[in-house]
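> below are the sequence and a predicted model; questions follow.
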Amino acid sequence: MVNDAHTPTFENLHRERRTFKPAVGFAVHANARAYEYKKAGVDRLEYWREAAMRLAWHRPFTEILDWTDAPFARWFYDGTLNACDNAVDRHVREGRGDRVAFHFEGEPGDTQTLTYADMHERVQRAANGLASLGVRMGDRVAIYLPQIPEAVVAMLACARIGAIHSVVFGGFSAESLRQRIDDAEAKLVITADGGNRRGAHLALKPLVDEALAAGDHHPEECASVKNVLVVRRTGQDTAWTEGRDLWWHDVVDPQPADHEPVWVPAEHPLFILYTSGTTGTPKGLFHSTGGYLAGAAHTHRMVFDLKPETDVYWCTADVGWITGHSYIVYGPMTNGATQVLYEGTPDTPHRGRWWEIVEKYGVTIFYTAPTAIRTFMKWGEAIPDGYDLGSLRLLGSVGEPINPEAWMWHRRVIGGDRCPVVDTWWQTETGAIMISPLPGVTATKPGSAMTPMPGISVDVVDDAGVPVGPGEAGYLVITEPWPSMLRGIWADPVRYGRTYWNRFDGMYFAGDGAKKDVDGDLWLLGRIDDVMNVSGHRLTTTEIEHALVSHPWVAEAAVVGAQDEVTGQAVVAFVIVRQDADAVPTDGDEVAAALREHVRHEIGALARPRTILVVSEVPKTRSGKIMRRLLRDVAERRPVGDVTTLADSSVMDAIRDGLAAGTKD
Ligand code: WT7
């Protein structure tokens, strides 16, 4: 089954033999030390106890782990704390209020400098504002904002009052937003009139209105929402529902900048974040306060070697994803980092924008995704060469397997051959980095995420759960609980156990294929389930298939992830058009264009298929299961593999003939 992985199989992935030893100058000052592995190996729980003790606790914990009700874990559970207090108040309390928390750079070029003292003032006003709207501990708040300081403030204000935030990435459609608001029964939605995207104003508030409109289809849904709090960002005209909609500046600005954080038990849920699972509906994963914060802060300090007094750290992810939660908001802020927060895309107003920002703020630590690196490779190195990137001292990668070529380019062109590159493997579920080199300690290999973090137990196993030998592909599992592990799926404890813990008895199954090389270093091989990874965004084949068949023209749809040079994988859809539907264009391209737009409307632009092929049949087994393996062969323009299990072996010929006739990208 692992062989069926529809994953990027990069050319020289397994032949890679180059290694890069830590530079002595880096190693002597590194936060990470080789003995951490040993220490954690001897007493894993003691290791995590010490990591958690670095947080500010209101009531210090004495218990480390309760795993008696596995797979439901409780970490540090007799302690109380507040995540916002750790991320903000503590720095002010300890005399670091003047330190810059964020250099905010808006896409149009507007900037803000926010110190920890400024953030302290803002989160207190916002917390009072939320409380004035009746938001209480345990209530859920949906946040649908662009990448602006208010997004961070809104998240931390929720944490401050013990409300559970559910951030929905601004690129998701009204329908995706509706599902998420509804599943979490959010009481409040925080949004903006719009955001800036590639020189244009992207509207957000109209999508909230659409999501909340008690339409004919779902009259009972989203009834939980009492108010919509709207940040003015672009100044666009905005429809207004009196009694429900409120401006952020009207509610928050007049509030006193004085608010005592609500001390919550360590296991109190900090946030919900929806992510694609193998079945249609997204899963609302939720994380705890204490264990999550300990994991995010600890890994951030170790993997990014943060020196908070001198570093300028930039993670290019959006706060709408777990990377933004753990490595913009909770990890770095708990560590007192100075960060860059950028609203826009790398190519607006020009393709050197990111490097201009690195130069302007003297960024020292830079964390981004392979898809971005491959895009820059395509644009050519003359662009970054035009900027002074000499401030950089460490580079990170996350989101998908990084091919050695992109790794080497990142190191050479962006890092000037002097910066360690850390490829970090983790997931929304894991909350924090699980597999990564430790800069200053680990000799790295281009394309390998190397070894599990100290205190994390990982293995690669076969179908029966038995560890495989060196060089053999298998399933990646985590064999012991860890502090930042997800605590469950919102309102669905059964699905939690079934999805993650039942495949291999007592082990967490990540959904990824992996292999260990002869040195024991890990190579990630991508998902082995129906989850696709498009530009580091997680999507499932079924959710896109559902969107496609909801269109009146479509009788049946099959979606696969095909290798793509820039995005890692790309969505390729095979659709069968209904014979009885009215007015279906005969031109396949026209059908494809309309369906791509439909998917954008249903899920969001990120899910739009790169290619839609109109076909007369899709290949199925005799039991009626779509054979995606064969469709992937077609999508990747490979000879089609074994067809002997097909119910009708002529189907593949029909598809190939149809393709030759010209329905394509
Ligand atoms: C999936 C998780 C973790 C933040 C971003 C994605 C893939 C992630 C790597 C990496 C190979 C990676 C895995 C994983 N993935 N990082 N360094 N090397 N694969 O979070 O949306 O929860 O997706 O992303 O397939 O299962 P996510």
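Structure's in. What do you need? Predicted model only: the values in this text are computed from it and were never measured. Residues are numbered from 1 along each chain as shown.
> residues from the protein in reach of the ligand?
When proximity is defined by CB under 6 Å from any ligand atom, the chain lies next to the ligand at 275, 322-323, 398-401, 423-428, 449, 510-512, 524, 526-527, 533, 536, 538. All C-beta atoms are positioned from the backbone trio N, CA, C, and that covers glycine.
> change it to 8 Å
275-276, 317, 321-323, 369-370, 397-402, 423-430, 433, 435-436, 449, 510-512, 524, 526-527, 531, 533, 536-538 (CB under 8 Å from any ligand atom).
> which of those fall within strands?
275, 397-398, 423-424, 510-512, 524, 526-527, 531, 533, 537-538 (DSSP state E).
> keeping just the C-alphas, turn the lengthiest helix in the chain into CSV.
Secondary structure of the chain per DSSP state H: the longest helix is helix 116-132. Only the C-alpha atoms of helix 116-132 are listed here, as CSV (Å, rounded to 0.1, in the frame of the first residue of the first chain):
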residue,chain,number,x,y,z
TYR,A,116,5.2,43.8,23.7
ALA,A,117,3.8,46.8,25.7
ASP,A,118,1.6,47.8,22.7
MET,A,119,0.4,44.2,22.4
HIS,A,120,-0.3,44.1,26.1
GLU,A,121,-2.6,47.2,25.8
ARG,A,122,-4.3,45.8,22.7
VAL,A,123,-5.0,42.3,24.1
GLN,A,124,-6.5,43.8,27.3
ARG,A,125,-8.8,46.1,25.4
ALA,A,126,-9.8,43.3,23.0
ALA,A,127,-10.4,40.9,25.9
ASN,A,128,-12.7,43.5,27.6
GLY,A,129,-14.4,44.0,24.2
LEU,A,130,-15.1,40.3,23.8
ALA,A,131,-16.3,40.1,27.4
SER,A,132,-18.6,43.0,26.8
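> the next helix or strand after it versus helix 116-132: what angle between them?
Downstream of helix 116-132, the first helix or strand assigned by DSSP states H and E is strand 140-144. Angle of strand 140-144 versus helix 116-132, following axes from the mean of the first three to the mean of the last three CA atoms, to 10 degrees, is 120 degrees.
> count of residues packed around the residue of the stretch 351-500 of the chain found nearest the ligand?
Closest residue of the stretch 351-500 of the chain to the ligand, CB to the nearest ligand atom: Thr428 (3.4 Å). When neighbours are defined as other CB atoms under 10 Å, Thr428 has 19 of them.
> surely it is in contact with Arg538?
Yes - between Thr428 and Arg538 there is a contact under CB atoms under 8 Å: 7.4 Å.
> shared neighbours of these two, anything?
Counting by CB atoms under 8 Å, 6 or more residues apart in numbering, the shared contacts of Thr428 and Arg538 are Thr275.
> for the chain, give me the ranges with low pLDDT.
Within the chain, the segments meeting pLDDT under 70 span 1-16, 214-221, 279-280, 658-665.
> so the residue lying closest to Pro470 once chain neighbours are set aside versus the ligand, what's the distance?
Nearest residue to Pro470, sequence neighbours excluded (CB to CB, 6 or more residues apart in numbering): Val518, at 4.8 Å. According to CB to the nearest ligand atom, to the nearest Å, Val518 and the ligand sit 20 Å apart.
> for the ones in strands among the residues of the chain next to the ligand, which one is nearest Glu94?
Thr424 (28.5 Å; CB to CB).
> how many residues are close by Gln579?
7.
> please renumber the chain so that the first residue is 11 from this point on.
Done: numbering now begins at 11, and the last item shifts to Gln589.
> need phi/psi at it.
phi -70, psi -30 (degrees, to the nearest 10).
> just want the residue of the stretch 211-360 of the chain that's nearest the ligand.
Thr333 (4.5 Å).
> skip the chain neighbours and tell me the closest residue to Tyr518.
Nearest one to Tyr518, counting by CB to CB, 6+ apart, is Ile488 at 4.2 Å.
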